[in-house]
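Peer 1: Curious how this folds, go ahead:
(one chain, ligands or ions: 1)
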Amino acid sequence: MARDGKTSRPGSTVAVEEGAPLFCPSAQPGMRDPVVIGVVEQDGAQDRRIAYLEQAIPYDEKVAALSGAVDPGKVMRIAARCEETRCAHFDGSRCSLVSRIRDLLPEAAVKAPPCAIRSACRWFAEQGAAACLRCERITTSVGPEQVRADSRIRQAATPPPL
Ligand code: SF4
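Peer 2: Got it, this is the predicted structure:
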């Protein structure tokens, strides 16, 4: 148990109180308890993948300044508390986004990457390794060039109709 009363789950560098929401691994900086879990590496116009950090880093003003005027979702992967019913992707009990990612996108790795939040990650909790094997190709903010290159990305990112 950490001194702040939070529990750090095994295999995770983020703390989760019992009963608190898991972490969305493709979050916006304005969400609760944001941490950086990886940076986007770009090789050519379309080839992007995440380099995962050994430890999650709190997304604070200093880190925010690193991306300057660039949308942080294009250069880093931020995790934060899942907003559950306030998120268009939440179907009432599960994340529909990671279900579509599993169904529509091919595996991007042969093994799950090392990850600082695995035991606190909603995607892993719901889809296990199937999420991790696709995760490194996911950037939170998708550019038009990525959608042009692979229309499945738009399909995966589109929440179900209300
Ligand atoms: S899906 Fe897997 S690799 Fe991606 S953030 Fe969650 S635990 Fe980490």
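Peer 1: and the residue lying closest to residue 90 once chain neighbours are set aside, how many neighbours does it have?
Peer 2: Sequence neighbours aside, residue 84 is the residue nearest to residue 90 in space, at 5.2 Å (criterion: Cβ to Cβ, 6 or more residues apart in numbering). Using the backbone N, CA and C atoms, a C-beta is placed for each residue, glycine as well. By other Cβ atoms under 10 Å, the residues close to residue 84 number 14.
Peer 1: strands paired with the longest strand seen in the chain, and their directions?
Peer 2: Secondary structure assigned by DSSP state E gives strand 47-58 as the longest strand of the chain. Note on strand 47-58: by DSSP bridges, its sheet partners are strand 35-43 (antiparallel).
Peer 1: circling back: can you name the element that comes right after the longest strand of the chain?
Peer 2: Moving toward the C-terminus from strand 47-58, the next helix or strand (DSSP states H and E) is helix 61-66.
Peer 1: Tell me the helices and strands packed up against that following helix.
Peer 2: Judged by 3 or more Cβ pairs under 8 Å, 6 or more residues apart in numbering; DSSP states H and E, helix 61-66 has no packing partners among the helices and strands.
Peer 1: mind exporting the helix ranked longest in the chain as CSV, just the C-alpha atoms?
Peer 2: Scanning the chain for the helix with the most residues, using DSSP state H, yields helix 96-104. Output of helix 96-104 as CSV, limited to C-alpha atoms (Å, rounded to 0.1, in the frame of the first residue of the first chain):
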residue,chain,number,x,y,z
SER,A,96,-16.6,-0.8,-27.3
LEU,A,97,-13.5,0.9,-28.7
VAL,A,98,-11.2,-1.9,-27.8
SER,A,99,-13.7,-4.5,-29.0
ARG,A,100,-13.6,-2.9,-32.4
ILE,A,101,-9.8,-2.6,-32.3
ARG,A,102,-9.7,-6.3,-31.6
ASP,A,103,-12.2,-7.2,-34.4
LEU,A,104,-11.0,-4.8,-37.1
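Peer 1: Tell me who's in contact with the residue lying closest to residue 57 once chain neighbours are set aside.
Peer 2: Distances taken as Cβ to Cβ, 6+ apart place residue 36 nearest to residue 57, at 4.6 Å, with adjacent residues excluded. The contact partners of residue 36, by Cβ atoms under 8 Å, 6 or more residues apart in numbering, come to 53, 56, 57, 58, 59, 63, 76, 77, 78, 79.
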